[in-house]
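>>> All I have is the shape, not the residue letters:
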């Protein structure tokens, strides 16, 4: 099977780029002597997990569907890194009763009480806000120790996510975010230890801070996910070069407007997602950058400037080679945000580098 | 089964609102004496199609997956309303060989040649650009007659889509778009008839223009899709009241920040989509409007202001009732754009009006 034979749109994964990305992050984290706990919210694939977390873990997940898939595949040590609600505890306990060790996270006193009272074996990490301002209690908040007290022996550690690293414009800014992330989560751990709690896991991470942190002293593990595939946002954040973006959307030309130097493709808002993550970055890639069937950026800045449900409108900063782009011609689109783009597909069509031979088809677990 | 018992996030469909919306559009179109060809790109559901296109059609679809699902369910008369590529003709011909009449659309001379040369029975409509500037040839373009000549006996008619009606701010502006849409598509049909072609289908439509057109003289059918479910964009376009938005996302509170008058829900970018369709409209609803479990807007302007992959951040213009919003509490989110939000789910949980009893579960066909 070749890419040129696939129905479009389809999701393409370059295994060679994936492996480069995995190696880069493994090396970046291992020099600190801490564990890498890959986040599989982007990949949602056992095949990718086997490469990213060799030896069956540890891993991070974002849905119960992922937790169940990976638990059944043998990945015991998991953190389900979205604030838990009591109604989801039974499902976690059921996985753990079958041998998994899925840990949950909370920043809420009542939820901590529900975890502590649950008859199943469920341990929890306290979510700590190190500056992102999304979930979590701050390291100084009285709620930190109150939640720890409520969890009692169910307390497994503390966890932070520096999502605000995505607002950084330079590597130096990412380093500064990583330093405050580390200081915050280690401070929370030390505060709890001083109060008599045992803190086994001190977890931080985001792809940018995992890659660029200068020190991880006091941290036991780093979580990162999108680095596996990368995307245009990661390129702009200087966490990877363009040629290491491992996922792309295979699309067909469905219309041509040479007078406007524009063509249409059959990859629109559903096939690419409406993520506009590069909108506020140094370069705005619209809904994605169009490259050729081999993944090469041969069209200059050919960008999907509009995304209707099933139509993408491509424009370019230089004259497009319309002779090479008849209706039916195949192109690929590099996404702004691979987590959201990949979620539109049930499977990856795997290639190795610039070859258009599909060497494998890997299923994904979508939904919740 | 009750909404309060469902795992979250989940997609809720209010059948009572759906039926009101279907009736409204059927009445609006029937007063013109033309056929309604519902577009099932939003619903992607045989159960909805059976209500929206009683008697098995005619219908419009946006993917081959929809075409196949509906053909197998007995909907013969279909238009696949995305510019066709030659590689997809075999799949269309295979459906038609089994009794379907799936018509394709094109605005391309070479694609028209491939349709005419295909051994299967495939008829096509010429896509006409009536001002949207996406796909289609203009009514005056020489390509219109050239494509018709190339299609020969495979020519079934002409088709226009007034997507630019979504840029209208008032009903009067929508009426003006509808008038130019009608003039354009009827003009194209007349030009082709004058050149000796038989034009059976003169198809136009978008939910706003289908609803508000003052005249449809010369048009044989109207296509519309999103009206079935509606969404916040349709409310702002004055095509429906807020209480007729038929789809919403059931979510759980997963974190609370009373000091910031903010809470988090487990419906983020994947559960809601990143469509920001109301961003440039009179009122910006962020990533959606939060209502209570019964669908009532009891929280004022409680809006999902940020959407991470699995987290939605809700803020409000008035103090939120945190006593009624513990972690685990259920809310619903009305979407900006129901087509994109619904696409994240495999099924609808159907309720009737404000009752929280799930009266049916209807599957969807996603992907391509």
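Perfect, thanks for sending it. Being a predicted model, the structure only gives us computed values, none of them experimental.
>>> Next to chain B, which bits of the stretch 151-300 of chain A? Give me the list.
A:163, A:252-256, A:264, A:266, A:269-271, A:273-276 (CB under 8 Å from any CB of the partner chain). Every residue, glycine included, has its C-beta placed from N, CA and C.
>>> Now stretch A:242-262: average pLDDT?
On average, the pLDDT along stretch A:242-262 is 97.
>>> Just the ones of the residues of the stretch 151-300 of chain A next to chain B in strands?
A:252-256, A:264 (DSSP state E).
>>> Grab the two from the residues you listed that are most spread out in space.
A:252 and A:256 (11.8 Å; CB to CB).
>>> any common contacting residues for the two?
residue A:327 (CB atoms under 8 Å, 6 or more residues apart in numbering or on different chains).
>>> wait, isn't residue A:195 in contact with residue A:142?
No. The pair residue A:195 / residue A:142 is not scored as a contact, 11.1 Å apart, by CB atoms under 8 Å.
>>> Can you tell me the SS state at residue A:151?
helix (DSSP: H, G, I helix; E, B strand; the rest coil).
>>> residues in contact with it?
Residue A:151 touches A:106, A:112, A:115-116, A:124, A:126, counting by CB under 8 Å, 6+ apart.
>>> Any chance of a markdown table for these, columns neighbour count, secondary structure and distance to chain B?
Formatted as a markdown table, the contacts of residue A:151 follow (neighbours: other CB atoms under 10 Å in any protein chain shown; DSSP: H, G, I helix; E, B strand; the rest coil; distance: CB to the nearest CB, whole Å):
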| residue | neighbour count | secondary structure | distance to chain B |
| --- | --- | --- | --- |
| A:106 | 28 | strand | 8 |
| A:112 | 25 | helix | 10 |
| A:115 | 26 | helix | 11 |
| A:116 | 16 | helix | 14 |
| A:124 | 27 | strand | 13 |
| A:126 | 29 | strand | 12 |
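>>> how many other residues sit next to residue A:142?
Counted with other CB atoms under 10 Å in any protein chain shown, the neighbours of residue A:142 add up to 9.
>>> State the pLDDT value of it.
96.
>>> related to what we said a few turns ago, need the max-distance pair from the contacts of residue A:151.
Every pair of those checked by CB to CB; the farthest is A:116 and A:126, at 12.6 Å.
>>> do stretch A:330-340 and chain B meet?
Yes. Counting by CB under 8 Å from any CB, chain B is contacted by stretch A:330-340 at A:339-340.
>>> Now residue A:303: closest residue in space, sequence neighbours ignored.
With CB to CB, 6 or more residues apart in numbering or on different chains as the criterion, residue A:303 has its nearest non-adjacent residue at 4.2 Å, and that residue is residue A:286.
>>> I meant to write residue A:250 there.
residue A:10 (4.5 Å).
>>> That neighbour: what's it in contact with?
A:3, A:249-250, A:345, A:349, B:368.
>>> mind listing the helices for chain A?
For chain A, applying DSSP state H gives helices covering A:15-30, A:46-52, A:64-72, A:89-97, A:109-117, A:142-151, A:171-194, A:207-212, A:232-236, A:269-272, A:338-342.
>>> so which of the ones you listed gets nearest residue A:363?
That would be helix A:46-52 among the helices of chain A, by CB to CB, at 7.9 Å.
>>> if we can go back for a sec, any idea how far the residue nearest to residue A:303 is from chain B?
As judged by CB to the nearest CB, to the nearest Å, residue A:286 and chain B stand 13 Å apart.
>>> That residue against residue A:301, yeah?
No. Using CB under 8 Å, residue A:286 is not in contact with residue A:301, being 9.5 Å away.
>>> Neighbour count for these two, which is higher?
Using other CB under 10 Å, the more surrounded residue of residue A:286 and residue A:301 is residue A:286, with 24 against 14.
>>> Tell me the span between the first and last residue of stretch A:46-62.
Stretch A:46-62 stretches 14 Å from its first residue to its last (CA to CA, to the nearest Å).
>>> May I have the residues that are in contact with the residue of the stretch 251-368 of chain A found nearest chain B?
Per CB to the nearest CB, residue A:254 is where the stretch 251-368 of chain A lies closest to chain B, at 3.8 Å. By CB under 8 Å, 6+ apart, the residues touching residue A:254 are A:264-266, A:311, A:327, B:82-85, B:135.
>>> Then residue A:51?
A:18-19, A:22.
>>> among the residues you listed, who's most crowded?
Going by other CB under 10 Å, residue A:18 tops the contacts of residue A:51 with 24 neighbours.
>>> my guess is it contacts residue A:228, does it?
Yes. With contact defined as CB under 8 Å, residue A:18 reaches residue A:228; the gap is 6.1 Å.
>>> what residues do these two have in common as contacts?
A:48, A:246.
>>> Please compute how far the helix or strand bottoming out on mean pLDDT in chain A lies from its chain's middle.
Lowest on mean pLDDT, DSSP states H and E among the helices and strands of chain A sits helix A:207-212, with a mean of 91. Distance of helix A:207-212 from the chain centroid (CA atoms, centre = their mean, to the nearest Å) equals 12 Å.
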